[in-house]
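# Kindly generate the corresponding structure for this input.
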Amino acid sequence: MTTTTLAVLVPLLPFLGAAAGLLLGRTAPGFVRPLAVLPTLAALVLAAIVAVRQGGDTPVTAATELTPTGSIPIELALYIDGFAALVALVVGLVATCVQIYSTGYLREDPRYPSYAALVSLFTSAMFLVVYSGDLIVLLVGWEVMGICSYFLVGHYWETPEARAASIKAFLVTKLGDVPFLIGLFALATDAGSFRITKVLATVAHGGLDHPTLVALLLLAGVAGKSAQFPLHTWLPDAMAGPTPVSALIHAATMVAAGVYFIARLLPVFEASSAAMVTLAVMAAITMVGSGLAALAQDDIKRVLAYSTIGQLGYMTGALAVGDRGAAVFHLLSHGAFKALLFLAAGVIIHAAGTNSLAAMSRMSHLRDRVPDAYWTMTVALLALAAIPPFSGFFSKESVLGAAEHITAGHTEHAPGGAGWIVLVAGLLTALLTAAYATRLWLLTFHGRGAEAPDHGRQPLTMTAVLWVLAVPSLALGGLVYRTLPDWFDGNDLAPTLTTSVLGTGVALAGGLVTYAAWRHLAGLAARVPLGAVAAHPEGDAGLVEAEAIATHAPAYGDVASAPDPADPGRLLLGPLHRHAAVGFHLDAVYRTLFVRPVQGGASLVRFLDREVVDTYVRGAGALPRWLGAAVRRAQTGNVQTYVSALLAGTVVLAVAALLVASGA
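Residues are numbered from 1 along each chain as shown. Alright, predicted model coming up:
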């Protein structure tokens with residue numbers, strides 16, 4: 001087969017698997033799991049063959065007109081360069097691991113057939129986004145991912161949290177998609193085509209009439225899809241869905257679609273210095289804010305969600321300094337270790353027997369109960385914290401190195417100010433990332449929470465996947481920067497000395513400070529007599545809290561603000577903790593600025609509809625009814641009444657006639 005044919009089959013196979021899974025889910029449930037796993041696995045194999053044949057050389061292109069439009073044609077087009085080939089590999093790997101993992105995680109779920117079909121459909125849509133050479137076809141995959149996300153986040157629709165999260169994810173991402181669509185049409189109008197190659201050629205010749213406007217419109221859609229400030233609030237709430245969904249959609253692939261889109265069309269954004277600075281500021285606020293928020297979360301999946309937002313901020317920061325190679329490099333390594341983190345969290349939650357026991361403060365003695373999750377999550381957390389030689393170190397240092405290079409001054413790709421913004425924010429985020437990664441590891445595997453019931457060993461399909469993903473989390477970074485630089489525009493991705501020392505230094509400082517704070521608080525907890533725990537009405541947590549209040553009351557002033565000694569995050573953040581725990585009240589701001597005015601407008605419209613419009617409608621029906629009632633009362637059936645009325649009428653007419661005659 002030709003490379004083009006194989007590339008067409010990559011998104012087609014998961015789509016056919018989704019359709020077959022939906023059709024056979026009720027009639028032949030035994031085929032559901034093979035139809036979920038095998039097409040996705042086959043797509044991964046074909047994507048690997050396409051990547052080998054492409055080899056980072058000349059892009060693979062092909063196109064055929066989908067339909068005549070009378071103006072700008074829409075084409076089924078392929079455009080597979082080194083970036084697309086590598087990203088497709090990550091999508092296929094993570095999707096295959098998630099499908100295999102889900103066969104164990106959701107083995108008792110009655111809605112597994114629809115779940116598996118939606119995951120396959122989502123995988124097909126993401127492949128379409130990665131391989132598409134036409135912006136309209138890319139938009140189709142973009143929107144299919146959005147609707148699949150809505151259904152999968154709301155998989156546990158019986159719970160109000162899942163219902164609210166799915167609606168919020170849909171509305172917030174659609175809020176960004178509206179200007180995104182307008183930006184695509186404006187871009188195609190200037191270029192005269194939706195083909196990516198023609199758009200890039202137009203940009204190279206200075207053919208964009210309003211580059212800043214187009215870039216900012218597109219950034220709105222990217223902010224929504226990739227959960228960047230200020231449209232990031234949907235992602236932490238989306239953790240209400242099944243944990244494998246979080247790994248696939250909200251960690252490794254869908255949220256990376258916006259980053260991948262900017263990387264593919266980076267010259268469009270580079271045509272406007274204002275857009276690049278805006279992108280840098282957006283990335284900086286996202287990185288630092290999400291790091292602080294992650295340090296204050298108790299739910300393990302929400303910590304990972306805010307971590308995802310911050311790591312996506314690194315990617316957009318790399319794009320803001322004009323280095324799409326560093327951005328895609330971090331996208332690849334992040335896809336592996338973040339999927340591993342979420343799936344390991346799923347093993348932990350599964351071991352507890354319920355999705356509600358995701359609070360780290362309630363975890364205890366998990367190291368011995370889930371050893372596979374312990375060791376693999378440790379690897380993934382070291383990669384997240386960018387500790388050498390794990391993969392996250394190499395990819396994150398490529399971002400910081402690119403920013404440090406731009407700080408020397410304005411270049412043709414990005415202004416120097418953008419480099420300083422990304423570099424400073426990136427170093428601060430490295431400190432925060434190591435801090436919350438250490439906190440998660442300590443509270444999850446060495447915590448003093450309540451002992452959850454032991455539900456035995458986890459299914460092999462779940463634990464085996466963890467070890468598969470641990471390999472790229474450990475080795476991918478070194479492999480890519482040494483052997484695959486030609487796939488990334490030929491850029492040197494090797495770590496630089498300055499940023500390596502600074503980044504690793506602040507990361508180690510963040511981890512050590514967090515560990516020291518935890519040891520200090522654990523020492524306070526150790527003073528509590530074990531025999532008093534059972535007698536205390538609030539249990540161990542109540543005694544520990546009382547000890548903490550007694551120790552820290554002079555510094556904090558009251559019980560409400562005293563730190564929890566089981567949680568170093570509260571001690572490290574101090575008074576900032578309560579604000580960071582709720583995402584710095586951004587949801588409350590949106591509720592005030594948007595939700596309440598919309599609800600008030602809806603109430604006004606409802607009042608006008610019921611009290612004004614309906615009044616006229618009811619009046620229009622009541623008047624004939626009243627007239628009919630009056631006429632009905634006159635129809636008594638009494639002949640004497642009719643004769644009397646006739647005579648009275650005759651008299652009235654006669655009198656009227658006489659009056660008229662006398663007046664004349």
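
# before we move on, which element is Lys338 in?
Taking DSSP states H and E as the definition, one finds Lys338 inside helix 324-352.

# Give the buried residues for the very next helix or strand once past that helix.
Past helix 324-352, further along toward the C-terminus, the next helix or strand under DSSP H and E is helix 366-369. The neighbour-count check on helix 366-369 (16 or more other C-beta atoms under 10 Å) flags Leu366, Arg369 as buried. Placement of C-beta: from N, CA and C, glycine included.

# secondary structure element for the closest residue to Leu22 other than its chain neighbours?
Closest residue to Leu22 in three dimensions, ignoring its sequence neighbours and counting by C-beta to C-beta, 6 or more residues apart in numbering: Ala117, at 4.6 Å. Ala117 is part of helix 112-131 when elements are defined by DSSP H and E.

# again, but for Leu44
Assigned by DSSP H and E, Leu44 belongs to helix 32-54.

# Run through the neighbouring helices and strands of that helix.
Applying 3 or more C-beta pairs under 8 Å, 6 or more residues apart in numbering; DSSP states H and E, one finds that helix 32-54 contacts helix 3-24, strand 60-67, helix 82-105, helix 112-131.

# and the second one with helix 3-24, angle?
What it means is strand 60-67. Between strand 60-67 and helix 3-24, the angle comes out at 60 degrees (axes from the mean of the first three to the mean of the last three C-alpha atoms, to 10 degrees).

# ok, now the longest one?
Going by the same axes, to 10 degrees, helix 82-105 is angled at 20 degrees with respect to helix 3-24.

# Next, the angle from the helix holding Lys338 to helix 82-105.
Here helix 324-352 runs at 0 degrees with respect to helix 82-105, directions being taken by the same axes, to 10 degrees.

# Counting by contacts, list what helix 324-352 packs against.
helix 82-105, helix 243-247, helix 257-264, helix 300-320, helix 366-369, helix 371-384, helix 391-406, helix 460-483.

# In JSON lines: those helices, plus mean pLDDT.
JSON lines is the format used below for the helices and strands packed on helix 324-352 (pLDDT from 0 to 100):
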{"stretch": "helix 82-105", "mean pLDDT": "92"}
{"stretch": "helix 243-247", "mean pLDDT": "88"}
{"stretch": "helix 257-264", "mean pLDDT": "93"}
{"stretch": "helix 300-320", "mean pLDDT": "94"}
{"stretch": "helix 366-369", "mean pLDDT": "81"}
{"stretch": "helix 371-384", "mean pLDDT": "94"}
{"stretch": "helix 391-406", "mean pLDDT": "92"}
{"stretch": "helix 460-483", "mean pLDDT": "86"}
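
# is it possible to export those to TSV including distance to Val203?
TSV is the format used below for the helices and strands packed on helix 324-352 (distance: least, C-beta to C-beta, whole Å):
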stretch	distance to Val203
helix 82-105	17
helix 243-247	36
helix 257-264	12
helix 300-320	15
helix 366-369	52
helix 371-384	35
helix 391-406	20
helix 460-483	28
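
# Nearest to Tyr436, out of those?
Comparison of the helices and strands packed on helix 324-352 against Tyr436 by C-beta to C-beta identifies helix 300-320 as nearest, at 6.2 Å.

# Take the helix or strand harbouring Pro624, keep the C-alpha atoms, and write them as PDB.
Using DSSP H and E, Pro624 sits within helix 614-634. Included here for helix 614-634 are C-alpha records, laid out as PDB according to Å, rounded to 0.1, in the frame of the first residue of the first chain:
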ATOM      1  CA  ASP A 614     -49.500  35.100  27.200                       C
ATOM      2  CA  THR A 615     -51.900  37.800  28.500                       C
ATOM      3  CA  TYR A 616     -52.700  38.800  25.000                       C
ATOM      4  CA  VAL A 617     -53.000  35.200  23.900                       C
ATOM      5  CA  ARG A 618     -55.300  34.400  26.800                       C
ATOM      6  CA  GLY A 619     -57.300  37.500  26.100                       C
ATOM      7  CA  ALA A 620     -57.700  36.600  22.500                       C
ATOM      8  CA  GLY A 621     -59.200  33.300  23.500                       C
ATOM      9  CA  ALA A 622     -61.200  34.700  26.400                       C
ATOM     10  CA  LEU A 623     -63.100  37.500  24.500                       C
ATOM     11  CA  PRO A 624     -64.900  35.100  22.100                       C
ATOM     12  CA  ARG A 625     -65.600  32.800  25.000                       C
ATOM     13  CA  TRP A 626     -67.300  35.600  26.900                       C
ATOM     14  CA  LEU A 627     -69.300  36.700  23.900                       C
ATOM     15  CA  GLY A 628     -70.300  33.100  23.300                       C
ATOM     16  CA  ALA A 629     -71.400  32.800  27.000                       C
ATOM     17  CA  ALA A 630     -73.600  36.000  26.600                       C
ATOM     18  CA  VAL A 631     -75.200  34.700  23.400                       C
ATOM     19  CA  ARG A 632     -75.700  31.300  25.000                       C
ATOM     20  CA  ARG A 633     -77.600  32.800  27.900                       C
ATOM     21  CA  ALA A 634     -80.000  34.500  25.500                       C
END
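
# Val321 touches Gly417, doesn't it?
No: checked against C-beta atoms under 8 Å, the pair Val321 and Gly417 is beyond contact range at 10.3 Å.

# more neighbours, those two?
When neighbours are counted by other C-beta atoms under 10 Å, Val321 comes out ahead of the other of Val321 and Gly417, with 31 against 16.

# which residues does that one contact?
If a contact means C-beta atoms under 8 Å, 6 or more residues apart in numbering, then Val321 has Met276, Ala280, Ala402, Ala403, His405, Ile406, His413, Ala414, Ala418, Gly419, Val422 as its contacts.

# I'd like those written out as TSV, with distance to Leu9 added.
What follows is the contacts of Val321, written out as TSV (distance: C-beta to C-beta, whole Å):
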residue	distance to Leu9
Met276	38
Ala280	39
Ala402	35
Ala403	39
His405	40
Ile406	41
His413	36
Ala414	38
Ala418	40
Gly419	42
Val422	39
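
# Out of the residues you listed, give me the one that has the most neighbours.
Among the contacts of Val321, Val422 has more neighbours than the rest - 34 neighbours, counting by other C-beta under 10 Å.

# Show me the shaky parts of the stretch 551-664 of the chain.
Scanning the stretch 551-664 of the chain for pLDDT under 70 picks out 551-566, 664.

# Now with 80, please.
The stretch 551-664 of the chain contains residues with pLDDT under 80 at 551-566, 629-642, 662-664.

# ok, now the stretch 1-150 of the chain?
1, 25-29, 66-70.

# Which residues are in contact with the residue nearest to Pro568 when sequence neighbours are not counted?
With sequence-adjacent residues excluded and distances taken as C-beta to C-beta, 6+ apart, Pro568 is closest to Ala517, at 3.7 Å. For Ala517, the residues meeting the contact criterion (C-beta under 8 Å, 6+ apart) are Pro568, Leu571, Leu572.
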